[in-house]
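[1] Sequence unavailable; structure follows:
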Ligand SMILES: Nc1ncnc2c1ncn2[C@@H]1O[C@H](COP(=O)(O)OP(=O)(O)OP(=O)(O)O)[C@@H](O)[C@H]1O
């Protein structure tokens, strides 16, 4: 049986004599049934006693195949020969993390902080891996090499490599693979799968195996190893995959390491074992070692968050017996130790960063790790929820019927499947999701990008899957990128800028500075002109606060033109692809076209594909394209990629900055000398799961700290006077006004509608409809029907369907309404940044206002400021009047 629960206490190590001789043991007291049961003792025998050394009260313990024993009338549990002991099973460790941990725990920490840099061994390694996959799929070696080298054109170019020299080297590495594949090591009966994603709920592990051969793991290493045995850390990596395969009921007794550089040497050389493939037995002892190592790592991560000392616990390097003088990471290790004043075996160089910066680093390091835990909790739902529960939770589309799997350009696969119901989900076109054969955890799952989400679902993946189910994928990549951005901001950032952002060590922080030369850039809007001036003259940073429809995008485009005219190279970034593309469109409208868009084909809007940087091609040409563009446009997520981390800019202009966490903002602004943040902290805040410092954007903090460095755009080009009044008073101190009389006077009549054709309650610019019905969970069916009737009335009066939008607080209600109308229905989050002539808002609440409807007032602000001509609120007036804010809203709407 399995025993699982939080640890209450950890006993001392003891040695007892048994019939098998002396044995170590350690007792832990835990609360079983995940904390719900009465405390029991669990005895960890033998090597598992070592895991108990890392255990602490509060951590979660899992013992599989435990046996129950009675002692003094109390039931206790003990490990058996079949048991696995897992600490913090909910913490998902990546296999590559375990690999670096066994080399040196500090290396694990450094890799986490600095991410994967752009260097030749990494890029070449990737190419060889891709070629390996191609060879397994039966592709011709030459065709694969030239194809894969071309695909890496941009990265190679940035590193100063020519295609031919790389192709030669890859060919030599690939020859080892091909030779091995042909050697007869493989019989016809060999079944292969390349690139296989594995997740382990029991062991708290995840990773992607290079290949599986007859169910056993094969790992490819682009190095040389002339020893008989595979390298220890390489074995551990393969053993991790073996462990995860074992959990799926396969029993992989061997692992294979393929060292591709081995045949690059003369095969007749006497010294060393030059066979590229090295097999090793995967015994139970090795698997247990892997689990104990993972436990050690998970325990360190737990202490980092739960032992609140002065600084988070991080590895020092003394945990391992690695020799620092042989380590490639020695310099990095010493610099990080020196700058952050961390203890480390390698020693320290340099002077520590100021106290305020170290505190900032520690505070955000912890906040990001908390967010990682929340991401893992999302992950867990993949196996803790049944498919039906996940579908009901909007996290998966299930019961898809596969239609086709087609190999398409760039070695990708197009998977098509038919939907068998009209269920809604959080999934959207352009999202990365987990495509699977129905079971993403123990079946076959691949990450892919959603291309279409109609009656047919179309997903693009690297490997083919029978598409039966599509799940929201709780990626850790944004967490990882926040960490590297934090690292870069604190360790590499410019001193003056760091003073502005982190406050320096003095109480007296010198505010951002500006040059003193005012110009006229926009002549019909004083605040916009002031904003461009701030941005152009900023020596550190400028902050542009733009309420709804005030011309943020227009101002950004004008700013970028002015900056480029002054000889600056500009990075244009935003939280979403949509905002990046909107800004590019505004630039185009203003006659400026010299931009390069960095992003994936599916992420970038169709009409911006012509300026998208295609990474495939001649290295020199590709690198020059990136280096010479005066304006580069990419999402902040892309700014954390290894390609953009290599780029430098004079100015970074970041839109939607109020929706970005501080570390995500750093990802863009550390690439530039100066920065301009544009946003509105009265609209949607950063989307994070943890409740901590990540919830406040850098934009908001700086606007409050440096009011003189910010300007608020106060003329809006969207809403009629009637519609904007409430938002202006509630959120912008009454300062928001319509930009022109034409905007102020917008009505339904502008849409060619005769108001007389509408019921009285649907006219007048702003109106309220009070439906009957009851809230049932997150939906109100009667209200959904009423909303559909309202929409029909507008359609009948002649409003174009494209001019109407419906906003609801919950996806369940969005689904109810969508079933009843063909116009766009969505949640607030999906509506931010867009507008419609007519907006209908469904509030769902009935009776009392139990539970948040639009979670916070900033969401209501977004909902109420999307309409240009007519805004109709549908909601239970009694419920709404129970809250002062909504009472004021009703008063305004009924005026
Ligand atoms: N100074 C201006 N003169 C004329 N038109 C303008 C000016 N500023 C903005 N506009 C127009 O107003 C409309 C809204 O501007 P824009 O899209 O830039 O607003 P936004 O603040 O980015 O909107 P959102 O709140 O959706 O982010 C656009 O059609 C734009 O061309």
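    Cool, got the structure. Small disclaimer: the values here were computed from a predicted structure and weren't measured. Numbers count the residues shown, from 1 in each chain.

[2] other SSEs contacting whichever strand in the chain runs longest?
    Looking across the chain with DSSP state E, the single longest strand is strand 3-18. Helices and strands touching strand 3-18, by 3 or more C-beta pairs under 8 Å, 6 or more residues apart in numbering; DSSP states H and E, are strand 21-30, helix 48-54, strand 60-63. (Glycine included, C-beta is placed from N, CA and C.)

[3] List the buried residues of it.
    Neighbour-count burial for strand 3-18 flags 3-5, 7, 10 (criterion: 16 or more other C-beta atoms under 10 Å).

[4] and if you look at stretch 886-895?
    For stretch 886-895, the neighbour count (16+ other C-beta under 10 Å) marks 886, 889-890, 892-893 as buried.

[5] Any chance of a markdown table for the helices and strands packed on strand 3-18, columns mean pLDDT?
    Converted to a markdown table, the helices and strands packed on strand 3-18 look like this (pLDDT from 0 to 100):
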| stretch | mean pLDDT |
| --- | --- |
| strand 21-30 | 92 |
| helix 48-54 | 92 |
| strand 60-63 | 97 |
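
[6] Pick the most buried one from these.
    Ranked by average neighbour count under the criterion mean count of other C-beta atoms under 10 Å, those are headed by strand 60-63 at a mean of 24.

[7] picking up where we left off before, please list the members of the buried residues of stretch 886-895 that lie in helices.
    886, 889-890, 892-893 (DSSP state H).

[8] Nearest to residue 49 among these?
    Among these, residue 886 lies closest to residue 49 (C-beta to C-beta), at 59.8 Å.

[9] Look up the closest residue to whichever residue of the stretch 1-150 of the chain sits closest to the ligand, ignoring the ones flanking it.
    Residue of the stretch 1-150 of the chain nearest the ligand, by C-beta to the nearest ligand atom: residue 115 (31.1 Å). If the residues on either side of it in the chain are set aside, residue 115 comes closest to residue 484, at 3.9 Å by C-beta to C-beta, 6 or more residues apart in numbering.

[10] Direction included, what does the longest strand of the chain pair up with?
    strand 21-30 (antiparallel), strand 60-63 (antiparallel) (DSSP bridges).

[11] after the longest one comes which helix or strand?
    Just to be clear, that refers to strand 21-30. Sequence-wise, the next helix or strand downstream of strand 21-30 (DSSP states H and E) is strand 40-45.

[12] try the last one
    On the C-terminal side of strand 60-63, the nearest following helix or strand under DSSP H and E is strand 67-71.

[13] what's that following strand packed up against?
    Applying 3+ C-beta pairs under 8 Å, 6+ apart, one finds that strand 67-71 makes contact with strand 74-78.

[14] residues making contact with the strand it packs on?
    Applying C-beta atoms under 8 Å, 6 or more residues apart in numbering, the external contacts of strand 74-78 come out as 3, 40-45, 63, 66-70.

[15] Name the residues of it that come out as buried.
    Quick answer for strand 74-78 (16+ other C-beta under 10 Å): 76-78.

[16] can you check stretch 347-361 too?
    348, 353-354, 356-358, 360-361.

[17] State the distance from residue 431 to residue 205.
    25 Å (C-beta to C-beta, to the nearest Å).

[18] pretty sure residue 882 is in a strand, no?
    No: counting by DSSP: H, G, I helix; E, B strand; the rest coil, one finds residue 882 to be coil, located in no strand.

[19] So the closest residue to the ligand within the stretch 351-500 of the chain versus residue 71, what's the distance?
    Minimum separation of the stretch 351-500 of the chain from the ligand (C-beta to the nearest ligand atom) falls at residue 428, amounting to 18.5 Å. In this view, residue 428 and residue 71 are 56 Å apart by C-beta to C-beta.

[20] Repeat that for residue 753.
    82 Å.

[21] If you count surrounding residues, which of those two has more?
    The residue with more neighbours, out of residue 753 and residue 71, is residue 753; 23 against 10, by other C-beta atoms under 10 Å.

[22] re the thing from before, now the residue of the stretch 1-150 of the chain closest to the ligand, what are its backbone angles?
    When read as degrees, to the nearest 10, the backbone of residue 115 gives phi 70, psi -170.

[23] do you know how far it is from residue 97?
    Counting by C-beta to C-beta - residue 115 and residue 97 are separated by 13 Å.

[24] Out of these two, name the residue with the larger neighbour count.
    Taking other C-beta under 10 Å, residue 115 and residue 97 do not tie; residue 97 has more neighbours (20 against 17).

[25] for the helix or strand harbouring that one, packing partners?
    Assessed by DSSP H and E, residue 97 sits inside helix 95-103. Applying 3+ C-beta pairs under 8 Å, 6+ apart, one finds that helix 95-103 makes contact with helix 105-114, strand 205-213, helix 232-247, helix 284-306.

[26] The ones you listed: which one's closest to residue 221?
    Residue 221 sits nearest to helix 232-247 of all those, at 5.9 Å, using C-beta to C-beta.

[27] helix or strand right after the longest helix along the chain?
    The longest helix of the chain (DSSP H) is helix 355-384. Of the helices and strands lying after helix 355-384 in sequence (DSSP H and E), the nearest is helix 387-392.

[28] Tell me the residues of this structure that contact the ligand?
    522, 524-525, 528, 546, 548-554, 717, 833 (C-beta under 6 Å from any ligand atom).

[29] Just the ones of these in helices?
    Filtering these for helices - DSSP H - leaves 528, 552-554.

[30] Export the strands paired with strand 3-18 to CSV and append columns for distance to residue 678.
    Shown next, in CSV, are the strands paired with strand 3-18 (distance: least, C-beta to C-beta, whole Å):
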stretch, distance to residue 678
strand 21-30, 52
strand 60-63, 43
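
[31] what's the distance between the helix or strand hosting residue 783 and the middle of its chain?
    Assessed by DSSP H and E, residue 783 sits inside helix 781-796. Its chain's C-alpha centre and that of helix 781-796 lie 37 Å apart, by C-alpha atoms, centre = their mean, to the nearest Å.
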